[in-house]
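> sequence-free structure coming up:
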């Protein structure tokens, strides 16, 4: 054998010997369970927008009524958000 073939054989063995050591490692298998999220549609009553009509003319009385309606709408919306958060999975 010439020196070039010997060098190539040596390099090949040097690369293959570490790979043989890896083949001796035991293979471990295990079953893994994955939780898949289930999406539930929100009730339509929680998705309805709250509407407040603008008064045709602005007086102190209509402004007071408008503010009371806006406040009631805000409270209703906040209640809906609390109910939506309660529907979320823990």
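Perfect, I can see it now. Remember, predicted model here, so these are calculated numbers, not experimental data.
> now the helices for this protein?
3-22, 60-87 (DSSP state H).
> between these, which gets nearest to residue 31?
Within these, the stretch nearest residue 31 is helix 3-22; the backing value is 24.7 Å (C-beta to C-beta). (Each C-beta comes from the backbone N, C-alpha and C, glycine too.)
> Only the buried residues of that closest one, if you could.
Of the residues in helix 3-22, none count as buried by neighbour count, 16 or more other C-beta atoms under 10 Å.
> quick check: mean pLDDT across stretch 63-79?
Confidence over stretch 63-79 (mean pLDDT, whole number) is 96.
> centroid residue for this structure?
A centroid search over the chain (C-alpha atoms, centre = their mean) returns residue 37, at 9.6 Å, as the residue closest to the centre.
> you'd agree that residue is up against residue 88?
No: using C-beta atoms under 8 Å as the test, residue 37 is too far from residue 88 to be in contact (10.6 Å).
> quick one: contacts of stretch 55-64?
In this structure, residues lying in contact with stretch 55-64 by C-beta atoms under 8 Å, 6 or more residues apart in numbering are 65, 66.
> Tell me the span between the first and last residue of that stretch.
11 Å (C-alpha to C-alpha, to the nearest Å).
> Kindly report the same for stretch 47-64.
27 Å.
> Which of the helices of the chain sits closest to residue 33?
That would be, of these and by C-beta to C-beta, helix 60-87, which comes in at 24.6 Å.
> Output the lowest mean pLDDT helix or strand found in this protein.
When the helices and strands of the chain are scored by mean pLDDT, DSSP states H and E, helix 3-22 comes last with a mean of 74.
> May I see the helices of the chain arranged in TSV, with distance to residue 29 as well?
Below are those laid out as TSV (distance: least, C-beta to C-beta, whole Å):
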stretch	distance to residue 29
helix 3-22	17
helix 60-87	39
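> right, and the ones you listed - which one's nearest residue 52?
helix 60-87 (4.6 Å).
> Distance of the residue nearest to the centre of the chain relative to residue 44?
Relative to residue 44, residue 37 is positioned 22 Å away (C-beta to C-beta, to the nearest Å).
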